[in-house]
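Undergrad: I'll drop the sequence and a predicted model, then ask my questions.
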Amino acid sequence: MDFLFNKLISPPAIKNKIFSGLKELENEIIHFKHIKISNLGTEEVKLLNSEIENVKTGKKNETKFRELKI
């Protein structure tokens, strides 16, 4: 019982991990491919498609991403 109590009150262990690079995602996140949208007007569909293209190309957040200090 003391072991469990100590686990509860002690801070979680922080583990450092060193990696050599980032892998470009391919088909790891596929649940977004199965989204269905209904009951949208023409303007809403255009806006949605525009936002999707912005995400695909990274137009909106590219400058913010480049400003990050990693």
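TA: Nice, I can see it. What you are looking at is a predicted structure, and each value in this text was computed from that prediction instead of being measured.

Undergrad: report pLDDT for the residue nearest in space to the middle of the chain.
TA: Centroid-nearest residue in the chain, with C-alpha atoms, centre = their mean: residue 29, separated by 9.8 Å. Looking at residue 29, its pLDDT is 77.

Undergrad: helix/strand/coil for it?
TA: Classification of residue 29 by DSSP: H, G, I helix; E, B strand; the rest coil places it in coil.

Undergrad: and the longest helix for the protein?
TA: Ordering each helix of the chain by length in residues (DSSP state H) puts helix 42-57 first.

Undergrad: centre of the chain to stretch 33-47, how far?
TA: Remark: stretch 33-47 is offset 22 Å from the chain centroid, using C-alpha atoms, centre = their mean, to the nearest Å.

Undergrad: pull the residues that contact it.
TA: residue 48 (C-beta atoms under 8 Å, 6 or more residues apart in numbering). (Glycine included, C-beta is placed from N, CA and C.)

Undergrad: and residue 58, how many neighbours?
TA: 10 (other C-beta atoms under 10 Å).

Undergrad: so what's it closest to, chain neighbours aside?
TA: Spatial nearest neighbour of residue 58, chain neighbours left out: residue 65 (7.3 Å); criterion: C-beta to C-beta, 6 or more residues apart in numbering.
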